[in-house]
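A.B. asks: Need a 3D model of the following:
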Amino acid sequence: MFGQNNKLKFLLVTAFLATIMNDLSANTQANYAAKKLQPRDAELVVRKAIVAGGTVNLLENQGQSRTRGVNDFDGDRLTNGRNFIIDGITLNYGVGVTGTATPQSVDYTTALPAALKTANIIIKQNGVTRASLSVASINEAKSSDERYRFLEAFALLREETTTSIELEFGAGTDLAPGASNTGFVEVILRGFETYVKS
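C.D. replies: Prediction:
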């Protein structure tokens, strides 16, 4: 998000924030009214070991706070004042030795296995779907100059709201990371995060 395109997106996000301000916390509304609230370029990253089959919530069992290199959320939510407007999503895959590899130590440059390509990614807050995409469409976008699958409309993640990032796998699918290995997924949400100017 650089140059003129970035400036246009900043203006669009600023206008978007004005339209949804009544849905945000009283504290955020007060900061907005005082002209202290601003959007800034940001990314939220979540990395986790996964096994294909059923639905996997990448934010489940992530503790209560951010873990550098693993989860940029505050556990399974964004704390007061952190609202995030999603503009694009990408997803990467890596393989590590079972029992020794950690989400922050894996190289996420392995080609996506078929089981992952046929999955869907669903982002929810309090059970309400904010975005729903096929991993195949994200994978296709990765091979373009954009590197992200951009959304057709902004998706808002509200502060202090339980959030899930779910991968829905087809029945009987297997990541097949190889003997003694575990598959890891990295999801990067690109967009704008609100912050309070000092």
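A.B. asks: export the biggest strand by length in the chain as CSV, just CAs?
C.D. replies: With DSSP state E setting the assignment, residue counts place strand 181-196 as the longest strand in the chain. Listed next in CSV are the C-alpha coordinates belonging to strand 181-196 (Å, rounded to 0.1, in the frame of the first residue of the first chain):
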residue,chain,number,x,y,z
ASN,A,181,6.6,-33.6,10.5
THR,A,182,3.8,-31.2,11.3
GLY,A,183,2.1,-28.8,9.0
PHE,A,184,1.9,-25.1,9.9
VAL,A,185,-0.3,-22.3,8.6
GLU,A,186,0.5,-18.6,8.5
VAL,A,187,-2.5,-16.2,7.8
ILE,A,188,-1.8,-12.5,7.3
LEU,A,189,-4.6,-10.0,7.3
ARG,A,190,-3.6,-6.7,5.7
GLY,A,191,-5.4,-3.4,6.2
PHE,A,192,-5.6,-0.5,8.7
GLU,A,193,-5.6,-0.5,12.4
THR,A,194,-7.0,2.3,14.5
TYR,A,195,-4.7,4.1,17.0
VAL,A,196,-4.9,7.1,19.2
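A.B. asks: List the strands paired with that strand, with their directions.
C.D. replies: According to DSSP bridges, the neighbouring strands of strand 181-196, each with its direction, are strand 37-50 (antiparallel), strand 84-97 (antiparallel).
A.B. asks: what helices or strands is the lowest-mean-pLDDT helix or strand in the chain leaning on?
C.D. replies: Within the chain, no helix or strand scores below helix 3-20, which has a mean of 83 by mean pLDDT, DSSP states H and E. Applying 3 or more CB pairs under 8 Å, 6 or more residues apart in numbering; DSSP states H and E, one finds that helix 3-20 contacts strand 37-50, strand 84-97, strand 149-157, strand 181-196. All C-beta spots, glycine's among them, are computed from the backbone N, C-alpha and C.
A.B. asks: sorry, back to before: deepest-packed of the strands paired with strand 181-196, please.
C.D. replies: strand 84-97 (a mean of 20; mean count of other CB atoms under 10 Å).
A.B. asks: Identify all contacting residues around whichever helix or strand comes after that one.
C.D. replies: Heading C-terminal from strand 84-97, the first helix or strand you meet, by DSSP states H and E, is helix 114-117. With contacts defined as CB atoms under 8 Å, 6 or more residues apart in numbering, helix 114-117 is touched by 52, 91, 93, 135-136, 139, 167, 169-170, 173-176, 183, 185.
A.B. asks: Just the ones of these in helices?
C.D. replies: The helices, defined by DSSP state H, take in 135-136, 139 from the contacts of helix 114-117.
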